[in-house]
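Predicted coordinates and the sequence they were generated for:
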Amino acid sequence: MVKPGEKVAVAVSGGKDSLSLLHLLAGKAEELGIEIVGILVDEGIRGYREVKLEAARRYADKLNVELVVNSFKGIFGFTLDEAVQALLLDGFRYKPCTVCGVLRRYALNQIALDLGVDKLATAHNLDDEVQAFLLNALQSNLSVAAREGPLSEKVHMKLVPRIKPFYFVPEKEVMIYALLNGIESPFVECPYIVYSLRHVLRKWLNQTASNNNPSLKHRIMFLKTKLTKHFTRQTEFKTCKICGMPSSRDTCKACEFKNYVTSLLERDKLF
Ligand code: SF4
Ligand code: ZN
C-alpha cells in the first residue's frame, strides 16, 4: 500500500479505529520509510466533534504526529449542525450522513492535496466495507458498491490515492488492537447517526452474524471482491465548473450540496 519515501496522511476522526490506524502507521513509519501526518475534518457537530477532536489531539501529541485540522465552516462556510437545521426546514430531502459523507470526503482530499501527500489512509474496516457495499447495492449502485477496494490507484492529479489498511480486518479485531495498545476514545456518538440506514444495517449485520452466522460478513466481502473484477474504476472525468475538481458531472456533488445548503441558510436567514 505504501512505498519508501512516501508521505501518508492518516484521516483521523478521534474514534478507536482511526486512532488505532494512526498508532499502527506511526509505529511502522520508520520501518516502512514513510512520513506520517494526521488530518482531521471538524464537521461542526456540537456535543460530539469537540470531544473527539480533543481525543485526537491528545493522542497525536502522544505519538508525536502532527495533526492538521480544518472544518466544514472553513471550507464550505457552514457547520453540519447549521446544514441539518436548514435541511430539516426544507423537508429533509437529504439526510445528514449523505451531506456529511460527501463533504468530508471532499474536505479530506482537499487537505491531503494541500499537504502534498502521496496517499490518504482511512480506517475503514471490514464491517464498514460490508455496510457500504450493501447500502450501495440496495440503491442499485452496483458499480460503486463493487469498485472501492483497499487501494485506489492515482487516476487524477487532483485525487489523492486512498489506502485502507484495515479493509480485511473486522471491527472487533480493531477494537482488540485498540484495547491491547491502551488506545482510548471517549464514548460519544454523533447525534445524527439515528437518521442513517447504515446504523440499522450495522445492527442487523451484527445480530445476524452472532446468530450462528459468524462468517456472514466475510462471505459478503467475498461477493464484493468477486464483483469488483467486473467493474473498472472511473478514469475519465469532467471538471466541476464551480471548484475545478474532477467530477463525473458538470458540477461535483460537494458543490451541489454546498450551494443547496447555502441557499437554504440565506433563504431562511438561519445563521
Ligand atoms: Fe457525519 Fe453521519 Fe458520521 Fe455523523 S454519523 S459524523 S452525520 S456521517
Ligand atoms: Zn465542485
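Done, it's in. Ligands and ions are numbered 1, 2, ... in the order given.

Could you tell me which residues of the stretch 101-250 of the chain lie near ligand 1?
101, 190, 192-193, 196 (CB under 6 Å from any ligand atom). For glycine as for every other residue, the C-beta is placed from the backbone atoms N, C-alpha and C.

switch the cut-off to 5 Å
By the rule CB under 5 Å from any ligand atom, the part of the stretch 101-250 of the chain lying against ligand 1 is 190, 192-193.

want to try TSV for those residues, with secondary structure, neighbour count and pLDDT as columns?
Formatted as TSV, those follow (DSSP: H, G, I helix; E, B strand; the rest coil; neighbours: other CB atoms under 10 Å; pLDDT from 0 to 100):
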residue	secondary structure	neighbour count	pLDDT
Cys190	coil	21	96
Tyr192	helix	19	96
Ile193	helix	13	94
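
What is the nearest of these to Leu205?
Lowest distance from Leu205 to those (CB to CB) belongs to Ile193, with 15.2 Å.

For the closest residue to Asp90 other than its chain neighbours, the count of nearby residues, please.
In this structure, Asp90 finds its nearest non-sequential neighbour in Leu264, 5.4 Å apart by CB to CB, 6 or more residues apart in numbering. Counted with other CB atoms under 10 Å, residues neighbouring Leu264 total 20.

Could you pull up the residues touching the spatially most central residue of the chain?
The centre of the chain sits closest to Arg105, judged by CA atoms, centre = their mean, with a distance of 6.0 Å. For Arg105, the contact set (CB atoms under 8 Å, 6 or more residues apart in numbering) comprises Ala254.

likewise Met175?
Lys16.

which SSE is it in?
Element membership for Met175 (DSSP states H and E) is helix 171-180.

ok so, going back, now check whichever helix or strand the residue nearest to Asp90 is part of, is it near ligand 2?
Counting by DSSP H and E, the element that carries Leu264 is helix 253-268. Yes - for helix 253-268, a contact with ligand 2 is found by CB under 5 Å from the ion, at Cys255.

Now do that helix, average pLDDT.
The pLDDT scores in helix 253-268 average 94.

Looks like Ser20 contacts Ala178 (just checking).
Yes - counting by CB atoms under 8 Å, Ala178 is a contact partner of Ser20 at 4.8 Å.

So which of these two has more stuff around it?
The residue with more neighbours, out of Ser20 and Ala178, is Ser20; 27 against 18, by other CB under 10 Å.

how much does the helix or strand hosting that one deviate in direction from helix 171-180?
Assigned by DSSP H and E, Ser20 falls within helix 16-32. Counting by axes from the mean of the first three to the mean of the last three CA atoms, to 10 degrees, helix 16-32 lies at 70 degrees to helix 171-180.

I'd like the next helix or strand past helix 16-32.
The first helix or strand that comes after helix 16-32 along the chain, using DSSP H and E, is strand 35-42.

And the residue of the stretch 151-271 of the chain found nearest ligand 1, its phi and psi?
Among the residues of the stretch 151-271 of the chain, Cys190 lies closest to ligand 1, at 3.1 Å counting by CB to the nearest ligand atom. Note on Cys190: its backbone torsions stand at phi -60, psi 130 [degrees, to the nearest 10].

Contacts only, for it.
Taking CB under 8 Å, 6+ apart, one finds 45, 48 in contact with Cys190.

Sticking with Thr235, tell me its helix or strand.
Short version, using DSSP H and E: Thr235 is in no helix or strand.

neighbours around it, how many?
For Thr235, using other CB under 10 Å, the count is 8.

wait, doesn't it sit right on Val155?
Yes - using CB under 8 Å, Thr235 makes contact with Val155 at a distance of 5.1 Å.

how much does the longest helix seen in the chain deviate in direction from strand 35-42?
Ranked by number of residues, the top helix in the chain under DSSP state H is helix 96-115. Interaxial angle, helix 96-115 versus strand 35-42 (the same axes, to 10 degrees): 140 degrees.
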